[in-house]
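K.L.:
next come a sequence and a model predicted from it.
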Amino acid sequence: MSVADTRFKPVVALVGRTNVGKSTLFNRLTRSRAALVANISGLTRDRHYGEGRVGDYPYIVVDTGGFEPVATRGILVEMARQTAQAIAESDVVIFLVDGREGINAHDHEIARLLRKSGQRVLLAVNKAEGMRDHAGLAQFHELGLGEPHPISAAHGDGVSALADEALAPLLAEQAAEAAGPDSGAAGEEGAPDHRIKLAIAGRPNVGKSTLINTLVGEERVIAYDLPGTTRDAIEIEFERGDRRYTLIDTAGLRRRGKVFETVEKFSVIKTLQAIEAANVVLLLIDASDGISDQDAHIAGFITETGRALVVGLNKWDAIDREQREWVQREYERKLRFLSFARVLNLSALKGQGVGPVLKAVDAAHAAAFAKLSTPKLTRTLQAAVEQQPPPRKGIFRPKMRYAHQGGQNPPRIIIHGNALDAVPDSYRRYLEGQFREAFKLAGTPLSVEFKTSH
Ligand code: GDP
Ligand code: GDP
């Protein structure tokens, strides 16, 4: 295999003090993603991480929230710490200042930290709509971060030019690679009998490294490549039976002797990148600890990316019957939106239940890449509509004519017809359930979309 045929998506961090317009800019940059996300049921959107696109190239946007670098206590310190981590892990920083208020002490302080970070920084002067001659921009040179870029996050002025400039060097790299003779990505799509790209995700201490060592330690390690740059995913290959897997690292693993050890603490960005780079995600939960908000949070990311999913309740060996029942109830209550995924218990430490987990991974992968024929999709659609027609809206009755497959991982089913704008979400979910049953699509989210012809 090539050294790193999986690349992480580039990361853009939005940094700036409160109220300069970070979340407004975030929403504008990530808007393209909303359509697909809206078609996958039960999502918990996280407003800090999203996907943007320049042309066909996706990138990850991180809104670092507030940044109060002079804070010394409590929650503000925690925020500053997370912001510092996001800056360190990003490929480029967009530093926002307020073009109406001008520079203040906080801006200077943040600018100083950014200069020290050594990261590439673009300075964006927001709220610049209607600023005629941009004479007011000159003062921002003082920050020592190069040319100020006037934008209006609220109105969109200058935003795509800014994104283009931020991403240009990173995308040029990618484009050069895609044009090269050894472009792994292109032929990858589609075939369930190829390697399964698997990410093992979960909060710290749930047992990710233990499981990886259990999986890899027992099997022949085929290749282990150290990455060339921070955006090369770290991959670990292993085989089980006749299946080949590529583990996409989420935990910052390094090889040491025969086993792998974690060298970095938990990183949301790394987790996100790995989830995005995988076909199937195994979400590990520490069953001895119950289901935490952070588990639900990571689960939300996974559904948002549309990746296939298996959930492993780990450390099953460490809990008694009463606790087991409690965890299962907690799961039902807090992770109901993962109803499409199989849940299995296991002990990574003792190697119990690992085989069934991998079987579920295989099944989820097959479902994510299933080929759904147009005739069968259309028959299923017609039967579903017959059994329960979509509700009228005013004088219009939505009319569904046929369905075809629009994509894989997750499978996208596009329904064509008339007056489909009015179809309520509950009916979309009903159809999703019917398709899921007809095609036995367990383990993957499913996107059902409507296309109205007028
Ligand atoms: P954050 O705290 O940095 O995330 O800032 P927000 O995105 O919440 O924006 C703070 C305020 O600035 C809100 O009232 C926004 O409506 C406003 N705002 C954001 N971008 C613009 C802009 O381009 N022009 C103007 N005039 N107001 C903006
Ligand atoms: P990571 O941070 O998710 O990579 O978690 P680790 O693999 O480092 O595991 C954290 C701790 O949980 C270690 O002390 C492991 O020995 C322990 N652990 C992991 N899996 C199991 C398991 O299946 N059963 C029990 N009892 N302990 C486990």
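P.N.:
On my side now, so go ahead. Ligands and ions are numbered 1, 2, ... in the order given.
K.L.:
burial of T214, as a residue count?
P.N.:
By the measure other C-beta atoms under 10 Å, the count of residues near T214 is 20. C-beta coordinates here come from the backbone N, C-alpha and C atoms, glycine included.
K.L.:
try S453
P.N.:
Neighbours around S453, by other C-beta under 10 Å: 8.
K.L.:
ok, D289 next?
P.N.:
By the criterion of other C-beta under 10 Å, D289 has 16 neighbours.
K.L.:
ranges for the strands of the stretch 101-250 of the chain?
P.N.:
Shown for the stretch 101-250 of the chain, the strands assigned by DSSP state E, counting those that start in this stretch span residues 121-126, 148-150, 196-201, 224-225, 235-240, 243-248.
K.L.:
and after the helix or strand containing R28, which helix or strand comes next?
P.N.:
Assessed by DSSP states H and E, R28 sits inside helix 22-38. Helices and strands here follow DSSP H and E; after helix 22-38, the next one along the chain is strand 49-54.
K.L.:
is that following strand anywhere near ligand 1?
P.N.:
No - Strand 49-54 stays clear of ligand 1 (C-beta under 6 Å from any ligand atom), getting no nearer than 13.2 Å.
K.L.:
CA atoms only: put that strand into CSV for me.
P.N.:
C-alpha atoms of strand 49-54 as CSV (Å, rounded to 0.1, in the frame of the first residue of the first chain):
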residue,chain,number,x,y,z
TYR,A,49,-17.5,21.9,14.2
GLY,A,50,-18.8,21.8,10.7
GLU,A,51,-17.8,21.1,7.1
GLY,A,52,-17.2,23.8,4.5
ARG,A,53,-16.3,23.4,0.9
VAL,A,54,-14.2,25.1,-1.6
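K.L.:
42 is where my numbering starts, stick with that
P.N.:
Got it, first residue is 42 now, which makes that one strand 90-95.
K.L.:
list the buried residues in it.
P.N.:
Neighbour counts over strand 90-95 (16 or more other C-beta atoms under 10 Å) mark 90-93, 95 as buried.
K.L.:
average pLDDT for that strand?
P.N.:
Per-region confidence: strand 90-95 scores 85 on mean pLDDT.
K.L.:
returning to that earlier point: tabulate the strands of the stretch 142-291 of the chain (JSON lines), appending mean pLDDT and mean neighbour count.
P.N.:
What follows is the strands of the stretch 142-291 of the chain, written out as JSON lines (pLDDT from 0 to 100; neighbours: other C-beta atoms under 10 Å):
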{"stretch": "strand 162-167", "mean pLDDT": "97", "mean neighbour count": "24"}
{"stretch": "strand 189-191", "mean pLDDT": "95", "mean neighbour count": "21"}
{"stretch": "strand 237-242", "mean pLDDT": "94", "mean neighbour count": "25"}
{"stretch": "strand 265-266", "mean pLDDT": "44", "mean neighbour count": "16"}
{"stretch": "strand 276-281", "mean pLDDT": "83", "mean neighbour count": "18"}
{"stretch": "strand 284-289", "mean pLDDT": "90", "mean neighbour count": "22"}
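K.L.:
closest to ligand 1 out of the ones you listed?
P.N.:
strand 162-167 (5.1 Å; C-beta to the nearest ligand atom).
K.L.:
which strands and helices sit next to that closest one?
P.N.:
If contacts are counted by 3 or more C-beta pairs under 8 Å, 6 or more residues apart in numbering; DSSP states H and E, strand 162-167 sits against helix 63-79, strand 133-139, strand 189-191, helix 200-220.
K.L.:
give me the angle between it and helix 200-220.
P.N.:
Angle, strand 162-167 to helix 200-220, by axes from the mean of the first three to the mean of the last three C-alpha atoms, to 10 degrees: 150 degrees.
K.L.:
how far does strand 162-167 sit from the chain's center?
P.N.:
Centroid displacement of strand 162-167 relative to its chain, using C-alpha atoms, centre = their mean, to the nearest Å, is 25 Å.
K.L.:
direction included, what does that strand pair up with?
P.N.:
Applying DSSP bridges to the sheet, strand 162-167 is found paired with strand 133-139 (parallel), strand 189-191 (parallel).
K.L.:
re the thing from before, closest to ligand 1 among the buried residues of strand 90-95?
P.N.:
Ranked by distance to ligand 1 (C-beta to the nearest ligand atom), those are led by G91 at 13.2 Å.
K.L.:
what residues are up against the nearest residue to the closest one once chain neighbours are set aside?
P.N.:
What sits nearest to G91 in space, not counting adjacent residues and going by C-beta to C-beta, 6 or more residues apart in numbering, is T71, at 3.2 Å. Listed by C-beta atoms under 8 Å, 6 or more residues apart in numbering, the contact set of T71 reads 91-93, 102.
K.L.:
before we move on, the earlier item: could the buried residues of strand 90-95 go into CSV alongside distance to G57?
P.N.:
Converted to CSV, the buried residues of strand 90-95 look like this (distance: C-beta to C-beta, whole Å):
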residue, distance to G57
Y90, 17
G91, 17
E92, 21
G93, 17
V95, 21
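K.L.:
which strand runs longest in this structure?
P.N.:
Across the chain, the longest stretch assigned as strand under DSSP state E is strand 440-448.
K.L.:
show me which residues of it are buried.
P.N.:
441, 444-446.
K.L.:
how about those residues in a markdown table, adding pLDDT and distance to ligand 2?
P.N.:
Listed next are these as a markdown table, based on pLDDT from 0 to 100; distance: C-beta to the nearest ligand atom, whole Å:
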| residue | pLDDT | distance to ligand 2 |
| --- | --- | --- |
| M441 | 94 | 45 |
| A444 | 97 | 41 |
| H445 | 96 | 41 |
| Q446 | 97 | 36 |
